[in-house]
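**Student:** Need coordinates for the below:
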Amino acid sequence: MTSYVAAIDQGTTSTRCMVFSHAGEVVSVDQKEHEQIFPRAGWVEHDPEEIWRNTREVAAGALAKGDLHASDVVAVGITNQRETAVVWEKSTGKPVYNAIVWQDTRTDRICAELEALGGGQDRYKAKTGLPLATYFSGPKVRWILDNVDGARERAEAGELLFGNMDTWLLWNMTGGPNGGVHVTDPTNASRTLLMDLSTLSWDASIAEDMGIPLSMLPEIRSSSEEYGKVRERGALAGVPIAGILGDQQAATFGQACLSVGEAKNTYGTGNFVLLNTGNEQVASENGLLTTVCYKIGSQDPVYALEGSIAVTGSLVQWIRDNLGMITSAPEIEEHARTVEDNGGCYFVPAFSGLFAPYWRSDARGAIVGLTRFVNKGHLARAVLEATAFQSREVIDAMNADSGVPLKSLKVDGGMVGNELLMQFQADILGVPVIRPVVAETTALGAAYAAGLAVGFWGGEDDIRNNWAKDKEWTPSMDDAAREKTFGQWKKAVTRTFDWVAEDD
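**Tutor:** Residues are numbered from 1 along each chain as shown. Next up is the predicted model:
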């Protein structure tokens, strides 16, 4: 009987279940979007219960589309939007507040208070690899405990649990209030500002600074082992859940970036460049994050440098939903192809401040260089070019930190079907850009982690052998033009600084 591995891919805008063969090919997929909640400027929330309902639906849908049963699936992996935080009641599974999404900036004041304790933005960087920023989960948990009536008292009494979306789904899938497994993996734990990168354990002193009881935190286990079985209700009943990887680490694993110096860029809601640094933690001097790349079973952890960009694909979504300039995402390329260049127009989408390499929560979005000459096509092109320019910035930082210039870039995610963007990315980087056959490598990476744990795949060589190139773009822009337009972009970025006053 042919067997398969399933992956739950819980992303920022949707949840899907994908089923993979031993060759790493997609057998079936089902996907469902969830509501984006914006209570006020800078706030972004999701309904965790809606996401849990959607997870059950897409798991059933993927099996139905593939004409499969739970008995055909040997393991399930989970991958997820990483820094999105949920706090819920242990006894009922009821969230005490909506999930606060990684893009949310409401914790700016909390971060400033922690900086003022000493050490500034780098107060916890030596231990966690992260700057103090609104991006990460820990300050979000602190906000919930400070602002939801009775939450702090209940947390201190051991009645509340915290998790990123991986933990929320795992706990529910394995029984919820009736024996649910409260576990995360190091890739997710490393995005909370609460985990020591060296020991892969929670740091009690940081948790105390943030006012977060350790009893709320999930157990940290490896990225590839059996955590429990899916509860007896639902499409995947009885199947072992055996892999957890945060979405960007999962994409790195799915891209077979398993050797030191290999890197990938995922084009999704935001963009995330990860460089495998092996068993060495490389401290960034150029605005990048040091993070856990993966930990397979009892093996030593593998680390990565990461450049995190908040807004890329979501800028196209904003153009569609907020401005009505297009009716579907692929139309952005059609409009952009009507012009030869951006017409001097640059769009810096600092909707949630700026992430790497700037870490400026005071920045806000700006369109600069407008003249009467600029039309819809130029604006569409500026939207796409913003993704490539931001990626160039973090790759420049990565080259500086690692001391080894990138020779090529593996790409994946929803935007890599946009060929104009991929060509411009190669042009502005000056190196080839390579798209794999399976571009949705996030779910594939989670499947690999789960499959390795149950012996479905024998080891990393199986993953490398499954990877195949679909298309490659080579640079066609001369050096002078490349540096001129990139210089204009850098100037545009500075126009977004200091927009939000400290008391706003």
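
**Student:** Please count neighbours and contacts with C-alpha atoms only from this point.
**Tutor:** Will do.

**Student:** where exactly do the helices run in the stretch 351-500 of the chain?
**Tutor:** Counting by DSSP state H, counting those that start in this stretch, one finds helices in the stretch 351-500 of the chain at the ranges 376-402, 419-429, 441-453, 460-466, 479-494.

**Student:** Buried residues in the fourth one, which are they?
**Tutor:** Spelled out, it's helix 460-466. With burial defined by 16 or more other Cα atoms under 10 Å, the residues of helix 460-466 counted as buried are Asp462, Ile463, Asn466.

**Student:** Give me the pLDDT for Pro329.
**Tutor:** Wrong residue type there; residue 329 is Ala, not Pro. Ala329 is assigned a predicted lDDT (pLDDT) of 87.

**Student:** Please look at it and Trp318 and confirm they touch.
**Tutor:** No: Ala329 lies out of contact with Trp318 (Cα atoms under 8 Å); the separation is 9.9 Å.

**Student:** what's around Val404, how many residues?
**Tutor:** Residues lying near Val404 (other Cα atoms under 10 Å) number 10.

**Student:** ok, it - contacts?
**Tutor:** Gly261 (Cα atoms under 8 Å, 6 or more residues apart in numbering).

**Student:** what about it, distance to Val431?
**Tutor:** From Val404 across to Val431, the span is 14 Å (Cα to Cα, to the nearest Å).

**Student:** go on, Tyr135?
**Tutor:** 30 Å.

**Student:** what does Leu63 give?
**Tutor:** 40 Å.

**Student:** Show me which of the two is the more surrounded one.
**Tutor:** With neighbours defined as other Cα under 10 Å, Leu63 and Val431 compare such that Leu63 has more, 24 against 18.

**Student:** Next one: Thr13, what pLDDT does it get?
**Tutor:** For Thr13, pLDDT reads 89.

**Student:** just to revisit the earlier point, give me the common contacts of Val404 and Val431.
**Tutor:** Counting by Cα under 8 Å, 6+ apart, Val404 and Val431 have no shared contacts at all.

**Student:** sorry, back to before: closest to Thr184 out of the buried residues of helix 460-466?
**Tutor:** Among those, Ile463 lies closest to Thr184 (Cα to Cα), at 23.3 Å.

**Student:** Identify the residues contacting the closest one.
**Tutor:** Counting by Cα under 8 Å, 6+ apart, Ile463 touches Gly254, Ala256, Tyr448, Trp457.

**Student:** If we use 10 Å, what do you get?
**Tutor:** Counting by Cα atoms under 10 Å, 6 or more residues apart in numbering, Ile463 makes contact with 22-24, 253-258, 444-445, 448, 452, 457.

**Student:** Thr290 in helix, strand or coil?
**Tutor:** Following DSSP: H, G, I helix; E, B strand; the rest coil, the label given to Thr290 is strand.

**Student:** Could you check the pLDDT of it?
**Tutor:** 93.

**Student:** And for it, the neighbour number?
**Tutor:** Considering only other Cα under 10 Å, Thr290 is surrounded by 28 other residues.

**Student:** for Gly365, same thing?
**Tutor:** Gly365: 18 neighbours (other Cα under 10 Å).

**Student:** these two touch, right, it and Trp499?
**Tutor:** Yes: with contact defined as Cα atoms under 10 Å, Gly365 counts as touching Trp499 (9.1 Å).

**Student:** Pick the one among the buried residues of helix 460-466 closest to Pro139.
**Tutor:** Among the buried residues of helix 460-466, and counting by Cα to Cα, the member closest to Pro139 is Ile463, at 36.3 Å.

**Student:** and which of the contacts of Ile463 is nearest Phe373?
**Tutor:** For the contacts of Ile463, the nearest to Phe373 is Gln255 (41.6 Å; Cα to Cα).

**Student:** Would you confirm that that closest one contacts Glu440?
**Tutor:** Yes: using Cα under 10 Å, Gln255 is in contact with Glu440, at 9.4 Å.

**Student:** Which one of those two is surrounded by more residues?
**Tutor:** Neighbour totals were compared for Gln255 and Glu440, and Gln255 leads with 31 against 22 (other Cα under 10 Å).
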